[in-house]
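>>> Model the structure of this input:
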Amino acid sequence: MRLRYRFRVFFLWLLAFVVATIGSSLSAQDSSSERLLVLLRDASALAIVDPVSGSVLGRVPTGNDPHEVTATPDGRLAFVASPSDGISVIDLVTQQEIRRINPGQGSGPHDVLYVDGKIYFTIEGYKSIARYDPETDEIDWTLGIGQESTHTFALGADSATIFMANRRSNTITMAEGVLGGPSETTLSVIPVPGDFPEAIDVSPDGQEVWTATRNDGGLSIINIPAKEVIQTLDLGMQDANRLKFTPDGRVLIIDGEAASVIVLDAVSREVIKRISMAEMDTGDGAILISRDGMNAYVGLRDADRVAIVDLAALEVTGEIMMGEGSGPGCMFWTRANN
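All right, here's what the predicted structure looks like:
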């Protein structure tokens, strides 16, 4: 009897151990290995989100009205640009701002881009771009662009060319060899039709730059080797401030006033679908494509949420609530550190 009792106790212990182990394994599988960084423009903060559960894991205060964000590939540091308050360097592990980069009074830093261990950023107020070295905590060079309101970046397929949208000059600047510094950089200025180019991205094959002009709803397609606009499209857009390519060659463009996302075939240039955000006005929206190309995340500033669009069904299938008065904007993927 005593032996049978001991065996029963041992069996129950073993069963509990197996169940706990399986549960722990499933829990680990359910937890994403990535984090979605979401700027909260109206709350002046950076939100760290688990994209699987939709849970906001933390909020870190930033400069006023943060516009753009990037992060290191290891998921340890994020860099958040505020046009009025400089660039916040955020430790994503401790969820604290650890320093503030100040390019100068009236500099107006806007976009930030992490390339090869350095941070490149636009300086709208000085008609320039600059580079920051996180290891030395110094801005090691500044390069004059000579255009009005150099606003947003797009990285070329070679990771050595940066394209910039100059909103008030109605141009795109192509900076070749920029990673080598100002002495190695060749600048080409490409005029675009329309008014106020802001949305910009490079095609997956690295042959084209697409840019939408925000004030008149136009779309210009630039051939990169020729360095010229080869086609313009009138899609009847209103307040198109962001566009992104998907890995399979489609293009998503925010149509802000219409509260929708336009999906185009990049080869045929035909509209595939206009995805309505229903009652969720985009405001100053933003788009981020998941790394696997399965979903698009659309920041809806005026609706205080992020919509999740299934790129196979081309439908809104979910949303992440960011909190009242948060005003979600630019987003970025980074590695989880937990």
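>>> And the helices in the protein, which stretches?
2-30 (DSSP state H).
>>> quick one: low-confidence ranges for it?
Filtered on pLDDT under 70, the chain yields the residue ranges 1-31, 279-283, 338.
>>> can you pull the contacts of Leu40?
By Cβ atoms under 8 Å, 6 or more residues apart in numbering, the contact set of Leu40 is 46-47, 59, 66, 322-323, 326-329. To be clear about C-beta, it is placed using only N, CA and C from the backbone, and glycine gets the same treatment.
>>> Which single one of those residues is nearest to Gly299?
Nearest to Gly299 out of these is Pro328 (Cβ to Cβ; 4.3 Å).
>>> nearest spatial neighbour of the closest one, skipping sequence neighbours?
Gly299 (4.3 Å; Cβ to Cβ, 6 or more residues apart in numbering).
>>> my guess is that neighbour contacts Val38, does it?
Yes: the criterion here is Cβ atoms under 8 Å, and Gly299 meets it with Val38 at 6.8 Å.
>>> what do those two both touch?
Counting by Cβ under 8 Å, 6+ apart, the shared contacts of Gly299 and Val38 are 306, 328-331.
>>> Whichever of these end up buried, select them in PyMOL.
A single PyMOL command selects the buried members of the shared contacts of Gly299 and Val38 (16 or more other Cβ atoms under 10 Å):
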select buried, resi 306+328+329+330+331
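>>> Tell me which two of the shared contacts of Gly299 and Val38 sit farthest apart.
Longest span within these, Cβ to Cβ: Val306 and Cys330, 11.2 Å.
>>> Need the overlap of contacts for the two.
Contacts common to Val306 and Cys330, judged by Cβ under 8 Å, 6+ apart, are 38, 299.
>>> rewinding a little: show me what contacts the residue nearest to Pro328?
38-39, 282, 285-288, 306, 328-331.
>>> if you set the cut-off to 10 Å instead, what comes out?
Going by Cβ atoms under 10 Å, 6 or more residues apart in numbering, Gly299 touches 38-41, 242, 254, 282-288, 305-307, 320, 322, 327-331.
>>> ok so, going back, show me just the buried residues among the contacts of Leu40.
Among those, the ones that count as buried (16+ other Cβ under 10 Å) are 46-47, 59, 66, 322-323, 326-329.
>>> which residues does the closest residue to Ile272 other than its chain neighbours form a beta bridge with?
Closest residue to Ile272 apart from its sequence neighbours, by Cβ to Cβ, 6+ apart: Val263 at 4.5 Å. As for beta bridges, Val263 partners with Leu252, Lys273 under DSSP bridges.
>>> Now do Val93: how many residues are near it, please.
11 (other Cβ atoms under 10 Å).
>>> gap between it and Ala71?
12 Å (Cβ to Cβ, to the nearest Å).
>>> if I look at those two, which residues touch both of them?
By Cβ under 10 Å, 6+ apart, the residues touching both Val93 and Ala71 are Leu77.
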